[in-house]
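A.B. asks: Any chance you could fold what I've pasted below:
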Amino acid sequence: MPKAEWNGEVIAESDDFQEVEGSIYFPPNSVKSEFLQTTSHNSTCPWKGVASYYNIVVNGKTNENAAWYYPKALEKAKNIENYVAFWKGVKVTK
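C.D. replies: Next comes the predicted model:
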């Protein structure tokens with residue numbers, strides 16, 4: 001079962017996931033929201049749309065903008081709308 005871990009905690013875990021361009025996208029209900037902190041950072045993908053980001057906060061440490069999602073994904077990426085992906089040292093295993 002795919003899972004995302006950082007700083008000794010499992011942040012997300014689910015068999016229901018999407019894999020796009022080498023990133024695992026977890027459904028929102030599989031992500032532990034107590035570890036996420038909304039940020040104002042955004043980025044744009046020409047075919048997925050505008051991504052929003054979360055800081056990951058675990059055991060007093062913050063990993064800035066280490067999770068992202070597409071709240072209003074473009075048509076070709078509707079399958080990952082609101083799904084959460086990770087990077088910046090978050091260990092994601094399949």
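
A.B. asks: And the strands in this structure?
C.D. replies: Secondary structure of the chain (DSSP state E): strands at 3-6, 9-13, 18-20, 23-25, 36-45, 49-58, 61-69, 84-86, 91-93.

A.B. asks: Tell me which residues of the last one come out buried.
C.D. replies: Buried residues in strand 91-93, defined by neighbour count with 16 or more other CB atoms under 10 Å: residue 92. Where you see a C-beta, it was placed from the backbone N, CA and C, and this is true even at glycine.

A.B. asks: now what about that strand, what contacts it?
C.D. replies: For strand 91-93, the external contacting residues (CB atoms under 8 Å, 6 or more residues apart in numbering) are 2, 3, 4, 5, 6, 23, 24, 86.

A.B. asks: So in terms of bridging, what pairs with the residue nearest to the last one when sequence neighbours are not counted?
C.D. replies: What it means is residue 86. Spatial nearest neighbour of residue 86, excluding adjacent residues (CB to CB, 6 or more residues apart in numbering): residue 4 at 4.7 Å. Beta-bridge partners for residue 4, by DSSP bridges, are residue 12, residue 92.

A.B. asks: Quick one, grab the pLDDT at residue 4.
C.D. replies: Listed pLDDT for residue 4 reads 98.

A.B. asks: who are the neighbours in contact with it?
C.D. replies: With CB under 8 Å, 6+ apart, residue 4 has these contacts: 10, 11, 12, 13, 24, 26, 31, 86, 90, 91, 92.
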